[in-house]
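> Generate coordinates for the sequence data below:
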Amino acid sequence: MKQINLLIGRPTPNLQAADKLAAASQIILSQPEKSDLALTYGPDYGEDSIREHIGDWLSQKYRPVSGHITQDRIIITNGASGALAGILQKFTDPSYTRRIFLVEPTYFLAVQTFLDAGFGQRMRGVPEDDEGINLEYLRHQLEEDGKTDDTPNTDVPRTKFPAQGYRKLFKYILYVVPTLSNPSGKTMSMHHRTALVELARQYDILLIADDVYDFLAWPADDSISHEGLELPPRLVDIDRQMAGSSEWGNAVSNGSFSKLAAPGLRMGWCEATPIFIHGLSTVGATLSGGCQGQYTSFLVDEMLVSGILKHHIHNTLIPTYRRRYRALVEAIKTYLYPLGIKISTGKPYETFAIDGGGNRAPTILSGGFFLYIDFPDGHQFPSATEIIRIGREEFGLIIAPGEIFAVKGDPEGLKRAQSTFNLGTRLCWAWNEEAVLIEAIQRFAKVVQRAQVLPL
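Down below sits the predicted model:
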């Protein structure tokens, strides 16, 4: 029996834009005026023209109320993971930053970056609610944290000093995937986005938003095209739009071309206030060699300016993922719903798109890479551990244990997981073709039925 992996979260190799990248590379390398720049150490921010083009692209897609996204708000990075590490290096200090909050269930591979930055015992999970984050839980944690003496406060000396280039350190960090979240698939409501920015300003929180799935969105209504779909405003957009924003801001958008062109590119961008972006450009690894995505940024820029990247996203990626998502959902409803397993959706995010008649029509946002399913809560249903074991050993099915999405370092996190998201699992549709996804869910049903007949 061939193994089927529902845990892996990456695009199928045939969706990687190899031919388009090869063509872009040929263009860049055959023109000395471009290759000379692409192959040398680049400016710390990245090339001005490429940053300008990314700002134009983002402005066209998000249409921010606060106006056009200028190049001074953009820095080229070596992908979202590398940028996260750089942000923590430059804007946090374990002797000063009180807590690292992560919305849970969380993207489990991001956790190690926070551990590496020295925040193991300062990490806390904030549960999701149906609108993307439990704001009251977060507010309570912030209030309680301010009463304790075992965490740093403004009177505690920093180990990083302004004279060394650390002009701003944040008291708190909150890591979140607001749109089409990994792992839950939920999209944060507009109310929660605004309230979260307000809370961030009140408590000096830096909101690090992984905005990596936004461009892989489509209407839930299959009769409406994904062309013209209106995306939710990012936290960084709301922070810029609301009156009273500080020069450093309280949000940074962490973007990546890994999901749009190819993961191996290791190239992305961050957007924030100009002074924040300048600070990020002074991370040691960047000062040592300039832009950390220099050559690959030229490849992406060629695809961006020519329209090839947009064509790849709109005519290859979204239609493919939309079909796979539909096949996965229908299979779950057919084979798992009768067993009591349901898709965990949260509150749908209502937006607009252009219908077949050219009209602005209401719809529900869908897309990304992942959805989450919930197992029934009861003694009659097999444990998640047993389902995972039987799936792996007897049916060649790789399923993620929900507990991996808990926040390490939070003593209460695993306890919460046992009664919430560990009673379920994340499923990815980006890696497998439709027929394989259907077979995977058929196997999943057999796993559950097999576990139900085993003695307790």
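
> Quick check: neighbours of the host helix or strand of Leu174 in the sheet, parallel or antiparallel?
Counting by DSSP states H and E, the element that carries Leu174 is strand 172-176. According to DSSP bridges, strand 172-176 has the following sheet partners: strand 99-104 (parallel), strand 205-210 (parallel).

> Turn those into TSV, columns for distance to His312.
No exception for glycine: its C-beta is placed from N, CA and C like everyone else's. Below are the strands paired with strand 172-176 laid out as TSV (distance: least, Cβ to Cβ, whole Å):
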stretch	distance to His312
strand 99-104	30
strand 205-210	21
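
> quick one on the thing from earlier: just the CA trace of the strand holding Leu174, in CSV.
In CSV, the C-alpha atoms belonging to strand 172-176 read as follows (Å, rounded to 0.1, in the frame of the first residue of the first chain):
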residue,chain,number,x,y,z
TYR,A,172,5.4,41.7,23.8
ILE,A,173,5.3,39.7,20.6
LEU,A,174,2.2,38.0,19.1
TYR,A,175,2.7,35.6,16.2
VAL,A,176,-0.4,34.9,14.1
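
> State the mean pLDDT of it.
For strand 172-176, mean pLDDT is 98.

> Am I right that Ile373 is in a helix?
No: membership of Ile373 in a helix is not supported by DSSP: H, G, I helix; E, B strand; the rest coil, which gives strand.

> what sits up against the helix or strand bottoming out on mean pLDDT in the chain?
Confidence across the helices and strands of the chain bottoms out at helix 413-419, with a mean of 88, counting by mean pLDDT, DSSP states H and E. The contact list for helix 413-419 (Cβ atoms under 8 Å, 6 or more residues apart in numbering) reads Glu104, Pro105, Arg124, Gly125, Pro127, Asp377, Gly402, Glu403, Phe405, Ala406, Val407.

> Repeat that for stretch 383-390.
For stretch 383-390, the surrounding residues in contact (Cβ under 8 Å, 6+ apart) are 375, 399, 401-403, 422-425, 447-448, 450-451, 454.

> Among those, the buried ones, what's the ChimeraX command?
Buried residues among the contacts of stretch 383-390 (16 or more other Cβ atoms under 10 Å), as a ChimeraX selection:
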select :375,399,401,402,403,422,423,424,425,447,448,450,451
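
> Can you lay out the contacts of stretch 383-390 as JSON lines showing distance to Ser383 and pLDDT?
Converted to JSON lines, the contacts of stretch 383-390 look like this (distance: Cβ to Cβ, whole Å; pLDDT from 0 to 100):
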{"residue": "Phe375", "distance to Ser383": "9", "pLDDT": "95"}
{"residue": "Ile399", "distance to Ser383": "13", "pLDDT": "95"}
{"residue": "Pro401", "distance to Ser383": "10", "pLDDT": "92"}
{"residue": "Gly402", "distance to Ser383": "11", "pLDDT": "92"}
{"residue": "Glu403", "distance to Ser383": "11", "pLDDT": "92"}
{"residue": "Asn422", "distance to Ser383": "9", "pLDDT": "91"}
{"residue": "Leu423", "distance to Ser383": "9", "pLDDT": "92"}
{"residue": "Gly424", "distance to Ser383": "12", "pLDDT": "94"}
{"residue": "Thr425", "distance to Ser383": "12", "pLDDT": "95"}
{"residue": "Val447", "distance to Ser383": "12", "pLDDT": "97"}
{"residue": "Val448", "distance to Ser383": "11", "pLDDT": "96"}
{"residue": "Arg450", "distance to Ser383": "13", "pLDDT": "94"}
{"residue": "Ala451", "distance to Ser383": "8", "pLDDT": "92"}
{"residue": "Leu454", "distance to Ser383": "11", "pLDDT": "73"}
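
> with the contacts of stretch 383-390 in mind, which one is nearest to Asp116?
The shortest gap between Asp116 and any of the contacts of stretch 383-390 belongs to Glu403, at 21.2 Å (Cβ to Cβ).

> And what about the closest one, helix, strand or coil?
Assignment for Glu403 (three-state DSSP): helix.

> give the contact list for Asn422.
Ala384, Pro401, Gly402, Glu403, Ala406.

> Kindly recompute the last result at 7 Å.
For Asn422, the contacting residues are Ala384, Gly402, Glu403, by Cβ atoms under 7 Å, 6 or more residues apart in numbering.
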